[in-house]
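S.K.: 3D, please:
(one chain, ligands or ions: 1)
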Amino acid sequence: MSSSEFSPNDIKWMAYAIELARKGVYSTPPNPAVGCVILQDNQLIAEGWHQKAGQPHAERLALAQAKEKGVSVEGSTVYVTLEPCSHHGKTPPCADAWWSLRLAVSSLPRKTRTLSSLEMEFFD
Ligand SMILES: [Zn+2]
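M.R.: A predicted model of the protein is given here:
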């Protein structure tokens, strides 16, 4: 995906996710600071940011918030500032959560991947 494929709306929500990520800049090392927003029909339904190493990642917190509100994330668009992790560390892999929900994932700025490219990576 090239940057020209991002709409002004994509850029707006990714900027917001980056803003969330910045809250964790001093508390997440050695983990990266990550922000995540979930949108349904262009309405923000949940958000999260990684707060501390060893604690839930931004994506997990956003999903938990949606669940807490009783909002379905099926078919949502997710903006995550870093490609969702796919390894088992202190917390379970976030990519599994998206995979099971079949969400679209936009990830900037380090890597830009869609869920389909993640799928290919997992199942190659
Ligand atoms: Zn993760």
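S.K.: Could I get the full set of helices for this protein?
M.R.: 8-22, 58-69, 94-101, 115-123 (DSSP state H).
S.K.: could these go into a markdown table alongside mean neighbour count and mean pLDDT?
M.R.: For the C-beta atoms, the positions are set from N, CA and C on the backbone; glycine is no exception. Below are those laid out as a markdown table (neighbours: other Cβ atoms under 10 Å; pLDDT from 0 to 100):
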| stretch | mean neighbour count | mean pLDDT |
| --- | --- | --- |
| helix 8-22 | 16 | 90 |
| helix 58-69 | 19 | 94 |
| helix 94-101 | 18 | 70 |
| helix 115-123 | 13 | 39 |
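S.K.: Among those, which comes closest to Leu39?
M.R.: helix 8-22 (6.4 Å; Cβ to Cβ).
S.K.: which strands and helices sit next to the closest one?
M.R.: strand 35-40, strand 43-49, strand 77-80 (3 or more Cβ pairs under 8 Å, 6 or more residues apart in numbering; DSSP states H and E).
S.K.: how about the residues of this protein near the ion?
M.R.: Within the chain, the residues that sit near the ion (Cβ under 5 Å from the ion) are His57, Cys85, Cys94.
S.K.: In a markdown table: the helices of the chain, plus distance to Gly48.
M.R.: Formatted as a markdown table, the helices of the chain follow (distance: least, Cβ to Cβ, whole Å):
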| stretch | distance to Gly48 |
| --- | --- |
| helix 8-22 | 7 |
| helix 58-69 | 3 |
| helix 94-101 | 10 |
| helix 115-123 | 18 |
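S.K.: just so I know, which of the ones you listed lies nearest Trp49?
M.R.: Closest to Trp49 of these, according to Cβ to Cβ: helix 8-22, at 4.1 Å.
S.K.: tell me the angle of the closest one relative to strand 35-40?
M.R.: Going by axes from the mean of the first three to the mean of the last three Cα atoms, to 10 degrees, helix 8-22 is angled at 140 degrees with respect to strand 35-40.
S.K.: what's the span of stretch 53-61 from first residue to last?
M.R.: Taking Cα to Cα, to the nearest Å, stretch 53-61 runs 13 Å from one end to the other.
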